[in-house]
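Participant: I would like the atomic coordinates for the input below:
(chains A and B)
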Amino acid sequence: MSGFTPFAAAAGGVLIGLAAALLWLGIGRIAGISGILGGLATAGRGDRAWRTAFLIGLMAAPVLYALTMGVPARSGLTPSPWRLILGGLLVGVGTRLGGGCTSGHGVCGLARFSRRSLAATLTFMVTAMATVFLLRHALGG
Amino acid sequence: MKRFVFALGAGLLFGLGLTMSAMISPAKVLGFLDVAKIRAGTWDPSLALVMATAIPTAWLGVALAGRRARPLADDAFHGPTARRVDRRLLAGAALFGIGWGLVGYCPGPALAVLALGLVDPDGRVETWMFVAAMAAGMAGFSLWNRLPTRPRN
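Facilitator: Modelled structure (predicted):
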């Protein structure tokens, strides 16, 4: 196995789970990023406040981390504009059509034993793995 | 005000979890999605471990909430009401997976790295392109979804 970071992954996962638990227990909302972001435009005023607060926290945390612990290492972002734009469009449309993403279905939904979230998670895992396989191994790109 | 604090706290924890676990790095995510690496012995199962600790932790919150009539700072639980596995769900998840595999960003990490652009230029332009396309996709879907003649399955 290369690049496996078990401690960081396990600890980060606990924090993500805590976030989901806190949002559900505190205000009865699902911590699904695509739903929180996508619902922002159509939400009423009270609804918009908590969505904005969550997104501020989500975006402030990595910046605070970078300022105190150093900029976190990132790599592997494709420089190809067509892949970035096509990928973004598909993620935007797909998460709204399917009612969730890795957080809403993959973490919160599975924690709630939702059949829909299990079906969605298996589906997006399979199509994502197939896409990476095609790009990296079948098409050689 | 209490709702705002809960949401802000949850967002901070979520963003910190994504950052700590390195799920904001497309290489890390794609290293998990590249299952051909399993046979080569170079597969990175980190993402699976993130989910394996996140899900039971989130479940604790669900279990604690199950004993309550309402959340600590709201009138009711606002969970999803749909129960059926339908074509919309599967088609949406399939499209999302393709986009995720093309770039290695899902919505949370993309927003986190967008914010990191304030302090670090690495991948700033690329992340802006992805997030702009993602927002356009979400907005486009909302418009389409409100068309009166939308066929239901």
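
Participant: which residue ranges form the helices in the chain?
Facilitator: No chain specified, so I'll use chain A. Secondary structure of chain A (DSSP state H): helices at A:6-27, A:33-38, A:45-69, A:81-97, A:110-111, A:115-133.

Participant: I was after chain B.
Facilitator: B:2-20, B:26-33, B:36-40, B:46-66, B:87-103, B:107-116, B:124-145.

Participant: tell me which strands and helices the longest one is in contact with?
Facilitator: Contact here means 3 or more Cβ pairs under 8 Å, 6 or more residues apart in numbering or on different chains; DSSP states H and E; on that basis helix B:124-145 packs against helix A:33-38, helix A:81-97, helix B:107-116. Every C-beta, even on glycine, is put in place using the N, C-alpha and C of the backbone.

Participant: Mind listing residues that contact that helix?
Facilitator: Contact partners of helix B:124-145, identified using Cβ atoms under 8 Å, 6 or more residues apart in numbering or on different chains, comprise A:34, A:37-38, A:41-42, A:77-79, A:81, A:84-97, B:103, B:105, B:107, B:110-111, B:113-114, B:117, B:150.

Participant: Just the angle for it relative to helix B:87-103, thanks.
Facilitator: 170 degrees (axes from the mean of the first three to the mean of the last three Cα atoms, to 10 degrees).

Participant: what about residue 26, how many neighbours?
Facilitator: Because you didn't say which chain, this covers chain A. 22 (other Cβ atoms under 10 Å in any protein chain shown).

Participant: Oops, wrong one, chain B.
Facilitator: B:Pro26: 26 neighbours (other Cβ under 10 Å).

Participant: hmm, back to that, now the helices of chain B in CSV, with distance to A:Met59?
Facilitator: Compiled in CSV, the helices of chain B are given as follows (distance: least, Cβ to Cβ, whole Å):
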stretch, distance to A:Met59
helix B:2-20, 7
helix B:26-33, 18
helix B:36-40, 31
helix B:46-66, 19
helix B:87-103, 19
helix B:107-116, 4
helix B:124-145, 11
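
Participant: what residue ranges in the chain score low on pLDDT?
Facilitator: This is for chain A. Along chain A, segments meeting pLDDT under 70 span A:1-2, A:140-141.

Participant: Sorry, I should have been clearer: chain B.
Facilitator: For chain B, the ranges with pLDDT under 70 are B:148-153.

Participant: what about 90?
Facilitator: B:1, B:81, B:145-153 (pLDDT under 90).

Participant: can you list the domain ranges for it.
Facilitator: B:1-79, B:85-153 (automatic domain parsing).

Participant: Quick check: which of the ones you listed is nearest to A:Ile56?
Facilitator: A:Ile56 lies closest, by Cβ to Cβ, to one member of the domains of chain B: domain B:1-79, at 6.3 Å.

Participant: coming back round to it: out of the helices of chain A, indicate the one that is most buried.
Facilitator: helix A:33-38 (a mean of 26; mean count of other Cβ atoms under 10 Å in any protein chain shown).

Participant: Can I get it in PDB, CA atoms only?
Facilitator: Extracted in PDB, the C-alpha atoms of helix A:33-38 (Å, rounded to 0.1, in the frame of the first residue of the first chain):
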ATOM      1  CA  ILE A  33     -22.400  19.500   1.500                       C
ATOM      2  CA  SER A  34     -24.100  19.400  -1.800                       C
ATOM      3  CA  GLY A  35     -27.600  19.700  -0.200                       C
ATOM      4  CA  ILE A  36     -26.400  22.600   2.100                       C
ATOM      5  CA  LEU A  37     -24.800  24.500  -0.800                       C
ATOM      6  CA  GLY A  38     -27.400  23.700  -3.400                       C
END
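
Participant: what's the distance between the closest residue to A:Val126 other than its chain neighbours and A:Ser34?
Facilitator: Excluding its sequence neighbours, the residue lying closest to A:Val126 (Cβ to Cβ, 6 or more residues apart in numbering or on different chains) is B:Gly97, at 6.8 Å. B:Gly97 sits 13 Å away from A:Ser34, going by Cβ to Cβ, to the nearest Å.
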